[in-house]
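> show me how the following folds:
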Amino acid sequence: MNSGRNDGECISRRVVLTGAALALGAAATATAGSQAAAQQKVSQELAKYQATPKDKQRCDGCASFQAPNACKVVEGDISPSGWCQLFVPKA
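So this is what the prediction gives:
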C-alpha cells in the first residue's frame, strides 16, 4: 500500500533522524569522557600528600607533576617541594 509518500522522502527523514541520534550520542560520549577524566584524580588525603619532601623525593621530580603547582593524579594545589605516596620519578 502507498501511504502517499515516495521512498526518497522516507530515506531522507531516516538519514536526518539517524544523523541526529549519532550526534547526540557523540556529544554524550564526549561529556562522559570529560567527567571521567576529571574524576580520575584522588584527594590529597588518599594520596597521603604532604607539602614537604620525603628524603630526596619531591613533587617537581615526579612524572605526574604539572608546573607550577598541579598534579595529573592528585587534586588541588601541589607544592613543587611536596611529596605523596603516588610519587613516580621522572624518566
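
> residue ranges in this structure under the pLDDT threshold?
Applying pLDDT under 70 to the chain picks out residues 1-39.

> outline the domain layout of it.
Using automatic domain parsing, the domain parsing of the chain gives 1-40, 41-91.

> now Pro89. Nearest residue, chain neighbours left out?
Nearest residue to Pro89, sequence neighbours excluded (C-beta to C-beta, 6 or more residues apart in numbering): Gly61, at 6.2 Å. In short, each C-beta sits where N, CA and C put it, glycine included.

> quick one: that neighbour and Lys90 touch, right?
Yes: using C-beta atoms under 8 Å, Gly61 makes contact with Lys90 at a distance of 6.0 Å.

> between the two, which one's more packed in?
Neighbours per residue (other C-beta atoms under 10 Å) separate Gly61 from Lys90, with Gly61 holding more: 16 against 9.

> strands of the chain, residue ranges please.
In the chain, the strands defined using DSSP state E lie at 65-66, 70-71.

> which strands and helices sit next to the last one?
Okay, so that is strand 70-71. Here strand 70-71 touches no other helix or strand, going by 3 or more C-beta pairs under 8 Å, 6 or more residues apart in numbering; DSSP states H and E.

> what lines up beside it in the sheet?
strand 65-66 (antiparallel) (DSSP bridges).

> what's the strand it pairs with in contact with?
Cys59, Cys71, Lys72, Ile78, Pro80 (C-beta atoms under 8 Å, 6 or more residues apart in numbering).

> so which of these is the most crowded?
Most neighbours among these, by other C-beta under 10 Å: Ile78, with 27 neighbours.

> so what's that residue closest to, chain neighbours aside?
Leaving aside its sequence neighbours, Ile78 sits nearest to Cys71 (C-beta to C-beta, 6+ apart; 4.6 Å).

> cool, and Ala63?
Per C-beta to C-beta, 6+ apart, closest to Ala63 is Val88, 4.6 Å.
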